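Colleague: Just a sequence and a predicted model for now, questions to come.
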Amino acid sequence: MLVKGHEVKGIRVDDATRCVHYHQDVDIIAIKFKCCGIYYSCYQCHEACADHTAELWKAEERENKAILCGVCGTELTIDTYMHSGYECPHCHASFNPGCRYHAHYYFE
């Protein structure tokens, strides 16, 4: 699925990056996986669609742009996202605060 000019992979991805696993109004980010450099809607989509094991972004790599806002298409650094207060700093769309419980699937 092409979302705001970026390819986002996953299962039944919509135009705001939501997928079959996470599809609430606030589920509007995709994560670029370090292992392949591809945006996926979530870790479960990566597990289902990729042909390799996910790699974690290291703590010293948090200046990499790896988060895509599904509303405005802004790419955020990992650090910016982690300190965003669950809101896009560009368009102010609300992100799902529950994502913090899944951070260990993506980041060291």
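Modeller: Happy to help now that I have it. Residues are numbered from 1 along each chain as shown.

Colleague: list the contacts for the nearest residue to Glu75 once chain neighbours are set aside?
Modeller: Spatially, and ignoring its direct neighbours in sequence, Glu75 is nearest to Lys65 (4.2 Å; C-beta to C-beta, 6 or more residues apart in numbering). (Each C-beta comes from the backbone N, C-alpha and C, glycine too.) Going by C-beta atoms under 8 Å, 6 or more residues apart in numbering, Lys65 touches Lys32, Glu75, Leu76, Thr77.

Colleague: Same question for Gln44.
Modeller: Listed by C-beta under 8 Å, 6+ apart, the contact set of Gln44 reads Cys19, His21.

Colleague: model confidence over the longest helix along the chain, on average?
Modeller: Among the segments of the chain that qualify as a helix by DSSP state H, the longest is helix 43-49. Helix 43-49 carries an average pLDDT of 98.

Colleague: All the helices of the protein, residue numbers only.
Modeller: 43-49, 78-82.

Colleague: Output the ones you listed as CSV; include the columns distance to His90.
Modeller: Listed next are the helices of the chain as CSV, based on distance: least, C-beta to C-beta, whole Å:
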stretch, distance to His90
helix 43-49, 24
helix 78-82, 10
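
Colleague: what's around Leu56, how many residues?
Modeller: By the criterion of other C-beta atoms under 10 Å, Leu56 has 15 neighbours.

Colleague: just the buried members of the contacts of Lys65?
Modeller: Lys32, Glu75, Leu76 (16 or more other C-beta atoms under 10 Å).

Colleague: and the first one, bridged to which residues?
Modeller: The residues paired with Lys32 through beta bridges, assigned by DSSP bridges, are Tyr39.

Colleague: same deal with the second one?
Modeller: Note on Glu75: beta-bridge partners by DSSP bridges are Leu68.

Colleague: quick one, what contacts Ala93?
Modeller: By C-beta under 8 Å, 6+ apart, the neighbours of Ala93 are Ile28, Cys69, Val71, Cys72, Glu87.
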